[in-house]
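S.K.: build me a structure from this.
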Amino acid sequence: MDDVELIVAGHCVQLERFVRRGGAWRTIEFPSSVAVIPHPDGGVALFDTGYAPRFHAATAAWPYRLYAALLPVTCTDADSAVSQLRERGVEPGQVRLIVLSHLHGDHVAGLRDFAEARIVIGDEALPDGWRDRAAWTNTRHGFVPALLPDDIEERLLPLRELTVRPSGLGGRLRNGYDLFGDGAAFVLPLPGHTEGHLGLWLSNEGKDGVLLVGDAAWTERAYTHGELPLPALRGDRRRYQEVVGELARLHRERPDLAIVPSHCWPSIRRARQVFGG
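M.R.: The predicted structure follows:
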C-alpha cells in the first residue's frame, strides 16, 4: 500500500449518553480505529493497534472481566489490524513504528502482533511498577498488562529521542515531536484522558492535515458543541477540558483540518475521504 489509510479493528458498544452529555439512552457502536501510515524511509507506522481477539482471553479472569463487561467487544481474527494489513500486502515485520495514544485495551490489544516495531508512548503513560500493580487498580484504569509485549521496555522509542519542531498548529499544540524527521507527522501531547495521552498530526494529508486525537475526545461533538463524556472518562478533568478547548479552537480557525477521535464514526468516514479510501 502507498497511501495512509484508516481501518477499524473491532468495536465495543455502550450507551451514547456515556460518552457525550445530552446523548440518547441507546446503545451505539464505538469503532476502534487504526491509522496505517506508509513512509518511504521509515517503513509502515501505525497510530494505535485497535482490538484483537486476544482481548477476550486477557479479560476473561476477574477483575478484568468487569472492564470487558462495561464495554462489550466484538473482534474476530479478520477484524484485527494484522489480518487487515496482510490483506493489503503488509506483513507484520514491515510495521516499524507504532505510536500509541494511550494504553487502554482498545488501543493496544493488537500490539503483540507487531513484534519488530519500535513503540512510542507518552511520558508517564506506562505506570511505575506496572508488572506488580494490583489487578483492581489496573482494571479501574482500563489497563490490561497481558496485552503488552513482554519486551515493551526494550522496544520503547522515548519522545526525547525525537526532534521537537514547531507544528504550525499554534496554542498549546505549537510544538510537536517529529516522528520521521521530515515534518510529515508530529506526535503531540494531549493529556487528560490518561497520563501521557498522545495525538498524531499528519501535516501533509488533505487541505490542512489530519489530526488523530485518540480519546482526547470521544466524539466530534465534544469540541463542536461542548458535549463532554461522563467524568469517569475524562481522567484529569482540567487538562481534558483544556485539550478539548484546543481542539475547538482548531476547529474554528482551521475548518479544513480533519480532527479524528478514535471512536467517532462520522470523523472516521470524513478522514477516509481525505485519505482517498
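
S.K.: now A58: how far from A125?
M.R.: Distance, A58 to A125, using Cβ to Cβ, to the nearest Å: 18 Å. (Each C-beta comes from the backbone N, C-alpha and C, glycine too.)

S.K.: in this structure, which spans are strands?
M.R.: For the chain, the strands defined by DSSP state E occupy 5-15, 27-39, 43-47, 73-74, 95-99, 118-120, 163-166, 175-178, 185-189, 198-202, 210-214, 258-261.

S.K.: please identify which of the ones you listed is closest to A134.
M.R.: Set against A134 and scored by Cβ to Cβ, the strands of the chain come closest in strand 73-74, at 23.1 Å.

S.K.: within the sheet, what are the partner strands of the closest one, with directions?
M.R.: Counting by DSSP bridges, the strands paired with strand 73-74 are strand 5-15 (antiparallel).

S.K.: off-centre distance for the partner strand?
M.R.: From the chain centre to the centre of strand 5-15 is a distance of 11 Å (Cα atoms, centre = their mean, to the nearest Å).

S.K.: average pLDDT across it?
M.R.: The average pLDDT within strand 5-15 is 97.

S.K.: between that strand and strand 210-214, what angle do the directions make?
M.R.: Relative orientation of strand 5-15 versus strand 210-214 (axes from the mean of the first three to the mean of the last three Cα atoms, to 10 degrees): 40 degrees.

S.K.: now do the spatially closest residue to G50 that is not a sequence neighbour against A60, distance only.
M.R.: Closest residue to G50 in three dimensions, ignoring its sequence neighbours and counting by Cβ to Cβ, 6 or more residues apart in numbering: A9, at 2.6 Å. To A60, A9 is 20 Å away according to Cβ to Cβ.

S.K.: ok, these two, which is more surrounded?
M.R.: A9 (26 against 11; other Cβ atoms under 10 Å).

S.K.: doesn't A217 make contact with R20?
M.R.: No - taking contacts as Cβ atoms under 8 Å, R20 lies outside contact range of A217: 9.3 Å.

S.K.: looking at these two, which is more packed in?
M.R.: When R20 and A217 are compared for neighbours, A217 comes out ahead with 32 against 22, by other Cβ under 10 Å.
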